[in-house]
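Peer 1: here you go, sequence then predicted model.
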Amino acid sequence: MKFIKKIISSPTPPIQNVIRASDGINLAYTTFAVDKPISSMIFLHGGGAHSLAGYTFMAEQLCQKYQIATYLFDIRGHGQSGGERGHTPYIHQVWDDISSAIIFLKQNYGDIPLYLGGHSSGAGLILNYAAWAKRLPVDSYIMVAPEFGYKAPVKNELTESEHPFVTVSLPVILANAVSGFFGSSRAVTFNYSKEQIEQDGLLSGYTVNMCKAVTPSDPVTVLKNLEKPTSIFISEQDELINATKLAEFLHPILCKNPKLSFQTLKTGGHLLILESVHKQIAQYIYQLQMVKDHDIKEEFDIMHQVVNTFTLDDLTVKEQDNDSVDIIGKDNSKL
């Protein structure tokens, strides 16, 4: 994918450390910390990527400008983490890895607020974790350019038809659904270039088990029932996800769950949003914590010029016979 090259190249990568997962696999992470953080955050990368593939600038800004200790983790089977590439032996093992990361941060930071964030498929993984009965508590979920799976019809059709991000093996998925014996078989192939795979460390594909670990099976129900504050961010220029379709998808859910919020950024793209979304994430966290810091007020004033926040007051809904909705702005223009 060409747009990956816009952000994948980075300076000398920072040093990574590891923690042990419950099954003994090493989980690599990179720390962006300050002496007296106001909060901490675990952030998970997107599909086939790793934590150093475009995520470090965002983490640096959250740490240095806003005193949010940010930990970038490589999902098992990705980057410098252990495990078979693009695979997990059990679906819930990936979710249990998140619990290991939460325990690790709680041991290091005690009772300060802890946030769980993710980008693209990493956001889908978070949604699965939020629905898992054995999840550990966090203060909030943060989802950037979220990939909510096939039950969320929000893809950019032109991008998907001309430059599909992935190629899905339906026979394998169907065979596994029937028998349950194909969890370790290749289900998805990422359309990264040979250079991106060999030099940038991106993955060529996922097995059925990994796909199921990161893909929500019922995103509407989970989003409606989220008990923790959750914020979703998307760029109007996202190449993979249509921001308007995502707004339409989320609007009836926002009506049901007041803990859920949604913002669109005018700048960025599916990956380039990572170069600017730190401001919106920081504002969201500061608002949750009711922190009043005059040093960041100017940053937030500037931010309001580039962000469009969808709230129920700004939208009206026109119900149609087929249960779909049109989302209309105050100026009567269709969003």
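Peer 2: Okay, I see it. Numbers count the residues shown, from 1 in each chain.
Peer 1: what packs against the longest helix anywhere in the chain?
Peer 2: The longest helix of the chain (DSSP state H) is helix 91-109. Packing partners of helix 91-109 (3 or more Cβ pairs under 8 Å, 6 or more residues apart in numbering; DSSP states H and E): strand 17-20, strand 26-32, strand 39-44, strand 68-73, strand 114-119, helix 121-131, helix 208-214. (C-beta placed from N, C-alpha, C; glycine too.)
Peer 1: surely T31 and N17 touch.
Peer 2: Yes - under the criterion of Cβ atoms under 8 Å, T31 makes contact with N17 at 6.9 Å.
Peer 1: give me the more crowded residue out of those two.
Peer 2: T31 (15 against 12; other Cβ atoms under 10 Å).
Peer 1: ok, and the closest non-adjacent residue to the more buried one?
Peer 2: Closest residue to T31 apart from its sequence neighbours, by Cβ to Cβ, 6 or more residues apart in numbering: Y71 at 5.8 Å.
Peer 1: E236 too?
Peer 2: Closest to E236 by Cβ to Cβ, 6+ apart is A243, at 4.9 Å.
Peer 1: so who does that neighbour touch?
Peer 2: 234-236, 264 (Cβ atoms under 8 Å, 6 or more residues apart in numbering).
Peer 1: give me the subset of those residues lying in helices.
Peer 2: Among the contacts of A243, no member lies in helices (by DSSP H).
Peer 1: just among those, which is most surrounded?
Peer 2: Neighbour-wise, the contacts of A243 (other Cβ under 10 Å) top out at I234, 28 neighbours.
Peer 1: check the gap between it and V277 for me.
Peer 2: 9 Å (Cβ to Cβ, to the nearest Å).
Peer 1: overlap in contacts, the two.
Peer 2: By Cβ under 8 Å, 6+ apart, the residues touching both I234 and V277 are 144, 265.
Peer 1: nearest to S193, out of the helices and strands packed on helix 91-109?
Peer 2: Ranking those by proximity to S193 (Cβ to Cβ) places helix 121-131 first, at 18.9 Å.
Peer 1: just the buried residues of that closest one, please?
Peer 2: 121-131 (16 or more other Cβ atoms under 10 Å).
Peer 1: closest one to Y192 among the helices and strands packed on helix 91-109?
Peer 2: Closest to Y192 of the helices and strands packed on helix 91-109 is helix 121-131 (Cβ to Cβ; 13.6 Å).
Peer 1: I'm done for today, thanks for sticking with me.
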